[in-house]
Every structure is written in structure tokens, then in C-alpha cells.
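Trainee: 3D model of this:
(one chain, ligands or ions: 2)
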Amino acid sequence: MIEILQSLATGSEPPPEHWQQLLRHELNNPAHMAAFGITHEQLETTIKQRYQLGRSLLKHNQDLPILWEQLPTLWEFWLPLAMQLSQLRQILNRPLVQGILGGQGTGKTTTTTVISRILNLLNYQAISISIDDLYKTYADRQRLREQDPRLIWRGPPGTHDIDIGIQLLDQLRNPTPGQKITIPRFDKSLWNGEGDRIEPQQIEAPDIILFEGWFVGCQPVEDQAFNHPPPPISTDSDRQFAREINHQLKEYLPLWERLDRLIVLNPVDYRLSKQWRAQAEQEMKASGKSGMTDTEINQFVEYFWKSLHPELFINPLLTDSDRVHLVVDIQPDHSVGRVYKPVPR
Ligand SMILES: Nc1ncnc2c1ncn2[C@@H]1O[C@H](COP(=O)(O)OP(=O)(O)OP(=O)(O)O)[C@@H](O)[C@H]1O
Ligand SMILES: O=C(O)[C@H](O)CO
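Mentor: Numbers count the residues shown, from 1 in each chain. Ligands and ions are numbered 1, 2, ... in the order given. All right, here's what the predicted structure looks like:
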């Protein structure tokens, strides 16, 4: 399969046996076909379109080496998703908001970058917005920490400006013709890594909005979930904190109501976030920027788990066919595993 995909980069037309192999590969994965709404009738056309699209993407995006490094991910996830979004956008007749949920380092930024590029080739303008762009200002978070010293770092529900997010999504979904839209932006490197809001971006109304974040779409859970919670929620005060954050999460539901669809990037083991985060910091240090130490990384990631634990808040969504349209398993090397739509229970 990989050799066939490598031919995407060469520009030559694949021989008939390669087409047959690509068709068989898809047919052997009915869950994948169902997830992207590919019927048997459309199979051949869809695969041919996907192939041509992949070829043109590689040709026009030489600056994104990840495309060559992750050809199977491109074939199984990014290309079919972008094709599906363009079709859904056409039917919807207004801008479409795609939510993307994934823990730290699962590949949200990479995915939204690649999807935007593919949508561009399909003549759709996409914009990526992170829940991080809705963080309260540095000054506001300083005040928040004075009131509640447990909020040692940005991240948990309570540290975002939800009203700005609601207004933004409303505007993006129903844009006023000719009017620019203001997108809040956040720079994580300011104030010694604590981050602050920066000059917003002014844009024309996009066709597709990719709204990503580490708890986008997560629902509050029953209080008894905290009676025997998973580590690192271990002490009474950890449990109390987790309960309060669970309560705060209710405030975010109006934001999730404005999503048209939700994808979950599901690491095969949520603890991979530590390893991925450490890799990202190493890369940052190698490029000359300052990064966190291993101890700081562990504390930072555990702080997120203590706030909204992936086992409590993400796992239930993996079988929630009402809320979730696609689950993508992410392996330790970041390649995709299973790609499927949750089956109704
Ligand atoms: N499909 C992939 N193949 C290989 N590496 C990947 C892939 N996706 C992401 N990565 C790498 O993993 C790291 C984290 O990816 P990315 O920044 O996209 O994740 P994220 O979910 O946005 O992270 P964060 O939660 O820290 O914002 C980056 O170094 C990126 O290059
Ligand atoms: O840096 C952050 O704020 C967290 O990783 C969430 O994206």
C-alpha cells in the first residue's frame, strides 16, 4: 500500500492493478467507508478523486514535509475528511463548524493545517481556531489565581472567555455579507510561557471553521465518577478540584451547541501526551527557544488530567454516536489506527 501511496508524489498515472488495490483496501474496511459516507456505487469515483486530490496537494504544498512522512494518514484520514467536509458544506448552505477534540499533542494543529490546505484546493476557505484562542488575558488570569490559587496554569474550564467564543461562533455561522470577522488570538510564549491575548486577526467569512481543543465537546459527568477516579486524581483536594472543574464545564455547553460535527483524536493510550509533549519541548529547545524541563512537563500534563481526566471525559464520547461523527485512533508514532464512526449502543 505504501508504495502505491508513494506514487502520489511522482505524478505518474498508477497502473490498473494499483487502482484495484486501492479499491480493495477501501472495501476491506467497511467502518472507514461508513465513517466517510462512501457508498459502493461511488467507491471508484471517490478513490480516483481522492488520489488526484492527494497528488495535487503534494505538488502544491512542498513546505509541509508531514504529508510525505505520513502518507497513510493522508490517505485514511486527512483527504477523506476534507472531501467529506466540502460535500457537507455544500449541502449545508452556510459555514460549517467542525469541532476537533484531542488531548495534548494528539495532532490537532497538524490536522487543521493539512485539512485547510486540502479544502483550499477544493475552493473552500477554512479557518482554524483553538479553544486556546479564547483564554482570558494574562491580567485576568492573574486575578483568577489570586481568588483560587489552585489555578496555577491556564487550561481548565474557567480560564477562557466563553462569551467571546459564543459571539464568535454565531458570527462565523451567520456572517453579515461584506463584514470582516474578528478572530481572537493567543500567544502561549508571552509572560514567560504563561501566554496572553494578542492582536486579533481580521478575516473575511470562511466556509469552514475547524474549532479544536483538548476538551472541545466534552460533557459534564455524574458526580459519583469522582468517588474512585483514575490517577493522578488521588487526594481529597484533587477530587474536590475535579468536581468543581466538572461543574465549570457546564458553562461551555453553549459553545459545543454551535458545533455542527465533532471528531475525536483518540490516542491509544492517553498517557502518550507526556511523551508527545516532551518531544515537542525538545524540538523547541533544538530550535533555540526555551522549553520546559521534564518535571515541568509532567506537572503541566498532570494538571490537565486532574482538571478533566481523559478516561472520564473523552472515553464516553468514543461510543456516543449522537455527539461524535468520527473517532481517529492515534498510535504512539502519531500515525492513524482505526478511523470509525461510533456505533449506537
Ligand atoms: N500525523 C502526524 N505524524 C507525525 N507527527 C505528527 C503528526 N501529527 C502531529 N505530529 C507531531 O506531533 C507534535 C504535536 O502535534 P500538534 O502540535 O499538531 O498537536 P496538538 O494536538 O495541536 O498539540 P497541543 O495540544 O500541544 O497544542 C508535533 O511535533 C507534530 O509535528
Ligand atoms: O498549552 C496549553 O494551553 C494546553 O496544551 C492546551 O492546548
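
Trainee: Ramachandran coordinates for I131?
Mentor: phi -60, psi -30 (degrees, to the nearest 10).

Trainee: Of all the residues in the stretch 201-345 of the chain, which one is nearest ligand 1?
Mentor: H334 (3.5 Å; C-beta to the nearest ligand atom). Any C-beta I mention is one placed from the backbone N, CA and C, and that applies to glycine too.

Trainee: any idea how far that residue lies from T73?
Mentor: Going from H334 to T73 by C-beta to C-beta, to the nearest Å gives 8 Å.

Trainee: longest helix in the chain, by residue count?
Mentor: Counting by DSSP state H, the longest helix found in the chain is helix 43-60.

Trainee: Would you mind extracting the C-alpha trace of the helix or strand following that one into CSV?
Mentor: Next along the chain after helix 43-60, taking DSSP states H and E as the criterion, comes helix 66-69. Only the C-alpha atoms of helix 66-69 are listed here, as CSV (Å, rounded to 0.1, in the frame of the first residue of the first chain):
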residue,chain,number,x,y,z
ILE,A,66,4.5,15.8,7.2
LEU,A,67,2.5,15.0,4.1
TRP,A,68,5.2,12.8,2.7
GLU,A,69,6.1,11.4,6.1
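
Trainee: In PDB, list the C-alpha atoms belonging to stretch 118-137.
Mentor: This file holds the C-alpha atoms of stretch 118-137, laid out as PDB (Å, rounded to 0.1, in the frame of the first residue of the first chain):
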ATOM      1  CA  ILE A 118      -6.800  20.400   1.100                       C
ATOM      2  CA  LEU A 119     -10.000  22.500   1.400                       C
ATOM      3  CA  ASN A 120      -8.200  25.300  -0.300                       C
ATOM      4  CA  LEU A 121      -7.600  23.000  -3.300                       C
ATOM      5  CA  LEU A 122     -11.400  22.300  -3.300                       C
ATOM      6  CA  ASN A 123     -12.100  26.000  -3.400                       C
ATOM      7  CA  TYR A 124     -13.200  26.400   0.200                       C
ATOM      8  CA  GLN A 125     -11.700  28.800   2.700                       C
ATOM      9  CA  ALA A 126     -11.200  27.200   6.100                       C
ATOM     10  CA  ILE A 127     -10.000  28.800   9.400                       C
ATOM     11  CA  SER A 128      -8.500  27.100  12.400                       C
ATOM     12  CA  ILE A 129      -9.500  28.300  15.800                       C
ATOM     13  CA  SER A 130      -8.400  26.800  19.100                       C
ATOM     14  CA  ILE A 131     -10.100  26.900  22.400                       C
ATOM     15  CA  ASP A 132      -6.700  28.300  23.500                       C
ATOM     16  CA  ASP A 133      -7.600  31.400  21.500                       C
ATOM     17  CA  LEU A 134     -10.400  32.000  24.000                       C
ATOM     18  CA  TYR A 135      -8.100  32.100  27.000                       C
ATOM     19  CA  LYS A 136      -8.600  35.000  29.300                       C
ATOM     20  CA  THR A 137      -5.900  37.700  29.300                       C
END
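
Trainee: quick revisit: ok now the longest helix of the chain, how far from the chain's centre?
Mentor: Taking C-alpha atoms, centre = their mean, to the nearest Å, the mean C-alpha location of helix 43-60 is offset from the chain mean by 23 Å.

Trainee: packing partners for that helix?
Mentor: helix 16-27, helix 66-69, helix 79-92, helix 108-121 (3 or more C-beta pairs under 8 Å, 6 or more residues apart in numbering; DSSP states H and E).

Trainee: how does it look with 10 Å?
Mentor: Using 3 or more C-beta pairs under 10 Å, 6 or more residues apart in numbering; DSSP states H and E, the elements in contact with helix 43-60 are helix 2-6, helix 16-27, helix 66-69, helix 79-92, helix 108-121.

Trainee: any chance of these in TSV, plus mean neighbour count and mean pLDDT?
Mentor: Output for the helices and strands packed on helix 43-60, formatted as TSV (neighbours: other C-beta atoms under 10 Å; pLDDT from 0 to 100):
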stretch	mean neighbour count	mean pLDDT
helix 2-6	13	85
helix 16-27	14	93
helix 66-69	16	94
helix 79-92	19	97
helix 108-121	20	98
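
Trainee: I'd like these as CSV, with distance to ligand 1 appended.
Mentor: Shown next, in CSV, are the helices and strands packed on helix 43-60 (distance: least, C-beta to the nearest ligand atom, whole Å):
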stretch, distance to ligand 1
helix 2-6, 14
helix 16-27, 19
helix 66-69, 6
helix 79-92, 13
helix 108-121, 3
